[in-house]
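can't give you the sequence, but here's the structure:
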């Protein structure tokens, strides 16, 4: 994209000073040397106006290699510079706006431009945080060799790149398969098609007819068949990024919420990716500073959902999850799995969860107050303490597990997949 000149400014103190000095010299003493001083000042002013004209007419183009990328993924930005009128030595500075008041320098170097000869400069950057990143103004600086003046030209073009959250590898997610696939025979209990083998896994307490004897003989240990499904899941996922009004120590939890927000987005994006890649239908509602929704149509398009998560921001005084969920109860149907990801809920939400379960197949609540363990590392001993009202919710919800209302507090020494695996048996 071609950048347009926004404004041009200059610093002329040394040039103005020497011009005034030569003028005063000629007023009091008119001679050859004083006239030569005036002529020299005249050439300096001509050079200044010429340099200003050259900088204002530069042709600058900027091309990012991607419009979307994941966090910590490299982005290449190509700049093309052309001077259509004269040779010029310039210094270029290009920045990216990564937050409200934070910019990062992408390019800073000296370039010698020859007339009508384009020069390409490629720079590389990566972003540690998600969200929209704005490619900010580009500054072109020309400084006189004898430091008599300095000119800044500011070029701009509205360009953005969207940084998506990383996708964490998940093996499974305990959503209920209740959306039947047309044209496929379905046993409502098993929801598996014995004629379609999806893969194999190590044998563990399964019927003998599930053993894949040929594979077991080849590897010398028992392997069971993984059968394809005759149904898919319809999922409605709520991601709560705001601070609950029921929290007492708000100043403390406000700091915890900042870290929780990134954990919640990572978990939600990973669930979305897993479900959509296995053909399931997913809809997403993000309760943040603004309530972000898709088009109320569950789809298998994970990109548009993850884009919502990339742009979402939580707030200490934002909309409340319970209010938004109550508005959307009519959207639930018997084939829906309702998933809630939050930092802090109390037992006051249980009546609402019971109402939701009356309309859908399963309700799952995942509370992530203190983060979770990266699966690359071994579990360590932890000494975390949870608020009493959160523990009451967990204890009361145990009674409702058989009714498919499942509440889990994700502990710092657990991986997310371990928590999901606990639910597989229900």
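That came through, no problem. Every value quoted in this text rests on a predicted model; they were computed, and no experiment measured them.

what segments of the stretch 251-400 of the chain are helices?
Using DSSP state H, counting those that start in this stretch, the helices of the stretch 251-400 of the chain run over residues 302-311, 321-327, 350-357, 388-398.

pop the domain breakdown of this structure in here.
Listed by automatic domain parsing, the domain ranges of the chain are 4-164, 192-229, 232-423.

any chance of the helices of the stretch 251-400 of the chain in TSV, with mean pLDDT and mean neighbour count too?
Any C-beta I mention is one placed from the backbone N, CA and C, and that applies to glycine too. Shown next, in TSV, are the helices of the stretch 251-400 of the chain (pLDDT from 0 to 100; neighbours: other CB atoms under 10 Å):
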stretch	mean pLDDT	mean neighbour count
helix 302-311	86	19
helix 321-327	89	17
helix 350-357	90	17
helix 388-398	83	15
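
Throw those into TSV and include distance to residue 31, thanks.
TSV is the format used below for the helices of the stretch 251-400 of the chain (distance: least, CB to CB, whole Å):
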stretch	distance to residue 31
helix 302-311	71
helix 321-327	85
helix 350-357	95
helix 388-398	91
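
how much space is there between residue 360 and residue 202?
Using CB to CB, to the nearest Å, one obtains 33 Å as the distance from residue 360 to residue 202.

these two - which one has more neighbours?
Ranked by neighbour count (other CB atoms under 10 Å), residue 360 and residue 202 place residue 360 first, with 21 against 10.

backbone dihedrals for the more buried one, please?
When read as degrees, to the nearest 10, the backbone of residue 360 gives phi -130, psi 180.

now swap in residue 58 and tell me
When read as degrees, to the nearest 10, the backbone of residue 58 gives phi -60, psi 150.

okay if I get the domains of the chain as CSV plus distance to residue 174?
Converted to CSV, the domains of the chain look like this (distance: least, CB to CB, whole Å):
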stretch, distance to residue 174
domain 4-164, 25
domain 192-229, 14
domain 232-423, 4
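
rank those domains by pLDDT, which is bottom?
In terms of average pLDDT, domain 192-229 trails the rest of the domains of the chain, at a mean of 76.

related to what we said a few turns ago, to residue 172, which of the domains of the chain lies closest?
Closest to residue 172 of the domains of the chain is domain 232-423 (CB to CB; 6.3 Å).

so how far is the closest one off the chain centroid?
18 Å (CA atoms, centre = their mean, to the nearest Å).

gap between the two ends of that domain?
18 Å (CA to CA, to the nearest Å).

and stretch 322-340, by the same measure?
Taking CA to CA, stretch 322-340 runs 11 Å from one end to the other.

contacts for it, please.
175-176, 178-179, 233-238, 240, 271, 285, 287, 291, 296, 321, 348-349, 352, 355-357, 359-366 (CB atoms under 8 Å, 6 or more residues apart in numbering).

weed out the non-buried ones from those.
175-176, 178-179, 233-238, 240, 271, 285, 287, 291, 321, 349, 352, 356-357, 360-366 (16 or more other CB atoms under 10 Å).

picking up where we left off before, compare the domains of the chain and give me the one nearest residue 171.
domain 232-423 (5.9 Å).

state the number of residues packed around residue 275.
Neighbour tally, residue 275, other CB under 10 Å: 26.

buried sites along stretch 40-53?
The neighbour-count check on stretch 40-53 (16+ other CB under 10 Å) flags 41, 44, 48, 51, 52 as buried.

quick one, strands of the stretch 301-426 of the chain?
336-342, 362-367, 405-409 (DSSP state E, counting those that start in this stretch).

could you dump these to TSV with distance to residue 383?
Shown next, in TSV, are those (distance: least, CB to CB, whole Å):
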stretch	distance to residue 383
strand 336-342	23
strand 362-367	18
strand 405-409	15
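
and the ones you listed: which comes nearest residue 135?
Proximity to residue 135 (CB to CB) singles out strand 336-342 among the strands of the stretch 301-426 of the chain, at 32.1 Å.

tell me where the stretch 101-250 of the chain has helices.
Under DSSP H, counting those that start in this stretch, the stretch 101-250 of the chain gives helices at 213-219, 250-277.

just these: most buried one?
Among these, helix 250-277 has the highest mean neighbour count (mean count of other CB atoms under 10 Å), at a mean of 19.

and that one, what does it pack against?
Packed against helix 250-277 by the contact rule (3 or more CB pairs under 8 Å, 6 or more residues apart in numbering; DSSP states H and E) you find strand 234-240, strand 281-287, helix 302-311, strand 336-342.

how about a cut-off of 10 Å?
Contact here means 3 or more CB pairs under 10 Å, 6 or more residues apart in numbering; DSSP states H and E; on that basis helix 250-277 packs against strand 234-240, strand 281-287, helix 302-311, strand 336-342, strand 362-367, helix 416-423.

okay, the ones you listed in a markdown table with distance to residue 275 next?
As requested, the helices and strands packed on helix 250-277 are exported to a markdown table (distance: least, CB to CB, whole Å):
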| stretch | distance to residue 275 |
| --- | --- |
| strand 234-240 | 6 |
| strand 281-287 | 5 |
| helix 302-311 | 8 |
| strand 336-342 | 9 |
| strand 362-367 | 13 |
| helix 416-423 | 12 |
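
between those, which gets nearest to residue 168?
For the helices and strands packed on helix 250-277, proximity to residue 168 was assessed by CB to CB; helix 416-423 is nearest, at 7.1 Å.

tell me the angle the closest one makes with strand 405-409.
150 degrees (axes from the mean of the first three to the mean of the last three CA atoms, to 10 degrees).

re the thing from before, which of the strands of the stretch 301-426 of the chain sits closest to residue 90?
Comparison of these against residue 90 by CB to CB identifies strand 336-342 as nearest, at 50.2 Å.
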